[in-house]
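Engineer: would you be able to build a 3D model of this:
(chains A and B)
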Amino acid sequence: DAGVIQSPRHEVTEMGQEVTLRCKPISGHNSLFWYRQTMMRGLELLIYFNNNVPIDDSGMPEDRFSAKMPNASFSTLKIQPSEPRDSAVYFCASSLASLGYGYTFGSGTRLTVV
Amino acid sequence: GESVGLHLPTLSVQEGDNSIINCAYSNSASDYFIWYKQESGKGPQFIIDIRSNMDKRQGQRVTVLLNKTVKHLSLQIAATQPGDSAVYFCALEGGGNKLTFGTGTQLKVEL
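Structural biologist: From the prediction side, this is the model:
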């Protein structure tokens, strides 16, 4: 099992540019979560999907952020336009809800907006 | 809303000693709690979990204690090793398979 796979591992972009983060969950998992981690705010849930359907996006900071899950094996988190305050590590996690909620996290994407 | 917090941002222990990391929460309706370990440059990694119908659960060198009366959760690590150095997070389930994470405790193991 390759685990949750995120790409890219690092992204440096200029303010105003579009950024797309990618996630491949563990095969068979039916829930997918996007988290953002910063020193100031810790781990924040941005959005999560159950069976490819967005369930709660109340954590998405503003309209510049959007997430999609076109199928069970792929999700994207897009920031457009990016701003320096979006700099953080973005984690994707997946779980099989019926097995007790424990998530498996990916290695994260470190985003730096300059 | 619910809040989850850790008592100490940093904990230093000597190698071989036992470590205790504490966590307080506010949501009395939570019925599932997890401890995660995060090493530098990596994502959080599941360590151990416990449901609200239990007050203690043991794993390999780790024990989680749950006190629902005072809404307190602790993680005990026996015979702490240098490889245990990491940030530890408690997390609780707040409905809909959604976890809320605490602020984390940095565990430093001194040789």
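Engineer: contacts and neighbour counts: CA atoms only from here.
Structural biologist: Will do.
Engineer: pretty sure residue B:55 contacts residue B:69?
Structural biologist: No - applying C-alpha atoms under 8 Å as the test, residue B:55 and residue B:69 come out as separate, 10.6 Å apart.
Engineer: and those two? Which one has more around it.
Structural biologist: residue B:55 (13 against 7; other C-alpha atoms under 10 Å in any protein chain shown).
Engineer: beta partners of the nearest residue to that one once chain neighbours are set aside?
Structural biologist: By the measure of C-alpha to C-alpha, 6 or more residues apart in numbering or on different chains, the closest residue to residue B:55 outside its immediate chain neighbours is residue B:66, 4.7 Å from it. In this entry, residue B:66 is beta-bridged to residue B:73, by DSSP bridges.
Engineer: taking chain A, what residue is nearest to chain B?
Structural biologist: Of all residues in chain A, the one sitting closest to chain B is residue A:107 (4.6 Å; C-alpha to the nearest C-alpha).
Engineer: OK, contacts around that residue?
Structural biologist: A:4, A:5, A:6, A:9, A:91, B:41, B:42, B:43 (C-alpha atoms under 8 Å, 6 or more residues apart in numbering or on different chains).
Engineer: and if we set it to 10 Å?
Structural biologist: A:3-7, A:9, A:89-93, B:41-45 (C-alpha atoms under 10 Å, 6 or more residues apart in numbering or on different chains).
Engineer: and which of the residues you listed is nearest residue B:59?
Structural biologist: residue B:45 (14.6 Å; C-alpha to C-alpha).
Engineer: and that closest one, how many neighbours?
Structural biologist: Residues contacting residue B:45 under the criterion other C-alpha under 10 Å number 19.
Engineer: and what about residue B:83, helix, strand or coil?
Structural biologist: Of the three states, residue B:83 takes helix under DSSP: H, G, I helix; E, B strand; the rest coil.
Engineer: checking my notes, residue B:100 in a strand, right?
Structural biologist: Yes - assigned with three-state DSSP, residue B:100 falls within a strand.
Engineer: could you count how many residues lie near it?
Structural biologist: 19.
Engineer: next one: phi and psi at residue A:85?
Structural biologist: Main-chain torsions, residue A:85, degrees, to the nearest 10: phi -70, psi -10.
Engineer: how about residue 52: what's its closest non-neighbour residue?
Structural biologist: As the question left the chain open, I've gone with chain A. residue A:69 (5.4 Å).
Engineer: wait, chain B
Structural biologist: residue B:31 (4.6 Å).
Engineer: residue A:45 now?
Structural biologist: Per C-alpha to C-alpha, 6+ apart, closest to residue A:45 is residue A:35, 4.5 Å.
Engineer: packing partners for the host helix or strand of the one you found?
Structural biologist: Element membership of residue A:35, judged by DSSP states H and E, is strand A:31-38. Judged by 3 or more C-alpha pairs under 10 Å, 6 or more residues apart in numbering or on different chains; DSSP states H and E, the packing partners of strand A:31-38 are strand A:19-24, strand A:42-50, strand A:53-56, strand A:74-79, strand A:88-95, strand A:104-105, strand A:109-113.
Engineer: that older thread, closest to residue B:24 out of the contacts of residue A:107?
Structural biologist: So of the contacts of residue A:107, ranked by how close each gets to residue B:24 (C-alpha to C-alpha), first place is residue B:44, at 19.3 Å.
Engineer: get me the contact residues on chain B for chain A.
Structural biologist: Contact residues (C-alpha under 10 Å from any C-alpha of the partner chain) of chain B with chain A: B:32-36, B:41-51, B:89, B:91-93, B:96-104.
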